[in-house]
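Student: Got a predicted structure here, sequence first:
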Amino acid sequence: IFKFLGAISVDLGQDRIKPYLPTILTPLYRELNSNYAEQDPTLKNLSQEIIELLKKLVGLEAFSLAFSSVQKQANQKRVMRKKQRALQTVANPDIAARRKLKKHKNKAETRKRKIESLRPTYKAKRHRSHALKDLAMVE
């Protein structure tokens, strides 16, 4: 998709690409700004190359305006999600409690995995899965 965006940008040219610049920059910015663990470095390099290509194509001023608008929009979305989550903890405390328990369980599992990777002889106790028991309708 990134290659397609780059090809379309070059094909449209300087004047016709300007209205579509924020739309094109949004996925590129998301890829550059992401920090998840299984990130592909080739995608990050490709998005950086396409951003450099767009910068040369439309000029620094137009690119900077579009890029800053994309940044601002991403930050607003992030703030809105954070507010929504905070409101949900107040409105639905049971859902928030379940989310918190799941988070703590995942954190404990991660800690056990980390210790096992650092000390291969150490075997942490694992929580047994009671899948059938969890599926049963027990009151």
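Tutor: Structure's in. What do you need? Numbering: from 1, shown residues only.

Student: okay, CA-based contacts and neighbour counts for the rest of this
Tutor: Will do.

Student: remind me which residues of the chain are low pLDDT?
Tutor: Filtered on pLDDT under 70, the chain yields the residue ranges 37, 124-139.

Student: how about 50 then?
Tutor: Applying pLDDT under 50 to the chain flags the ranges 139.

Student: Which helix in it has the most residues?
Tutor: In the chain, with assignment by DSSP state H, the single longest helix is helix 60-91.

Student: tell me what that helix is packed against?
Tutor: helix 21-33, helix 93-118 (3 or more Cα pairs under 8 Å, 6 or more residues apart in numbering; DSSP states H and E).

Student: closest one to S69 among those?
Tutor: helix 21-33 (7.3 Å; Cα to Cα).

Student: ok, and for that closest one, which residues are buried?
Tutor: Residues L21, P22, I24, L25, T26, P27, L28, Y29, E31, L32 are the ones in helix 21-33 that count as buried (16 or more other Cα atoms under 10 Å).

Student: just checking, what packs against it?
Tutor: Right, helix 21-33 is packed against helix 41-58, helix 60-91 by 3+ Cα pairs under 8 Å, 6+ apart.

Student: buried stuff in the longest one?
Tutor: Read that as helix 60-91. For helix 60-91, using 16+ other Cα under 10 Å, the buried residues are F63, A66, F67, V70, Q71.

Student: how far is the longest helix of the chain from where the chain is centred?
Tutor: 13 Å (Cα atoms, centre = their mean, to the nearest Å).

Student: now it against helix 41-58, angle please.
Tutor: Orientation of helix 60-91 against helix 41-58 (axes from the mean of the first three to the mean of the last three Cα atoms, to 10 degrees) gives an angle of 130 degrees.

Student: I figured F67 was touching Y20, is that so?
Tutor: No - F67 lies out of contact with Y20 (Cα atoms under 8 Å); the separation is 11.8 Å.
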